[in-house]
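J.: need a structure here:
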Amino acid sequence: MSPFTGSAAPTPDWRHLRVEITDGVATVTLARPDKLNALTFEAYADLRDLLAELSHRRAVRALVLAGQGRGFCSGGDVDEIIGATLSMDTARLLDFNRMTGQVVRAVRECPFPVIAALHGVAAGAGAVLALAADFRVADPSARFAFLFTRVGLSGGDMGAAYLLPRVVGLGHATRLLMLGDTVRAPEAERIGLISELTEEGRADEAARTLARRLADGPALAHAQTKALLTA
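T.: Below you'll find the predicted structure:
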């Protein structure tokens, strides 16, 4: 064990997340299938804290981020978040915006590769969460929608205006962020938004296979490469 690793065991239970660590591969599953894995305030905070915790575990060499049920993540929970943010004062609203940004930064700054396993919807915050991953492995049902301008928010919410042009180029990013149109799997693969397109229902398996390959590779080289790509 590294002398820089804390003595406490990893947190075993998270309300809306399932966590498994096997042979260097961590699998984090968004687990609100009845709500299409919509993110609550608590879920955002849990993701931020879990990713920070895993980042300090030398046993973790790759991470798969998946969604339980019919889709990956439908974004922020409208019932909980939208009404609450409308009534927040400026200080609390800034705290919330910082927290959502911290989730994306945690994905980008953790020292191991992150693979998003995608099926069904990845919308709003869910689309940005997938975008923040190093790889996006998707089946044909996957669809992306950066919906922020549709609800009067900046298209750059959660760092989307920084991340998306780096993945698909400025032209495609402008179209997707300005218009908020849905991008289905074939187009997403064509423009580079998807790293690997699998057969129906095989995204999780393919993501685990890729994670296994990465976990068996040079961890320090991967960490350095990711840091340089993020800079």
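J.: Please pull out the lowest mean pLDDT helix or strand from the chain.
T.: When the helices and strands of the chain are scored by mean pLDDT, DSSP states H and E, helix 83-86 comes last with a mean of 78.
J.: quick one: average confidence on the biggest helix by length in the chain?
T.: Of all segments of type helix in the chain, defined using DSSP state H, the longest is helix 90-109. Per-region confidence: helix 90-109 scores 92 on mean pLDDT.
J.: which residues sit against it?
T.: The contact list for helix 90-109 (C-beta atoms under 8 Å, 6 or more residues apart in numbering) reads 41, 44-45, 47-48, 51-52, 55, 65, 85, 88, 114, 125, 128-129, 132-133, 157-159, 163, 226-227, 230. Where C-beta positions appear, they are placed from N, C-alpha and C, glycine not excepted.
J.: Return the subset of the residues you listed lying in helices.
T.: Among the contacts of helix 90-109, the members found in helices (DSSP H) are 41, 44-45, 47-48, 51-52, 55, 85, 125, 128-129, 132, 163, 226-227, 230.
J.: Distance check, Asn37 against Glu80.
T.: Remark: distance between Asn37 and Glu80 (C-beta to C-beta, to the nearest Å) = 13 Å.
J.: just Asp181 next, same as before
T.: As judged by C-beta to C-beta, Asp181 and Glu80 stand 26 Å apart.
J.: Compare neighbour counts for these two and give me the winner.
T.: For Asp181 versus Glu80, the count of surrounding residues by other C-beta atoms under 10 Å is larger for Glu80: 16 against 13.
J.: Thanks a lot, see you next time.
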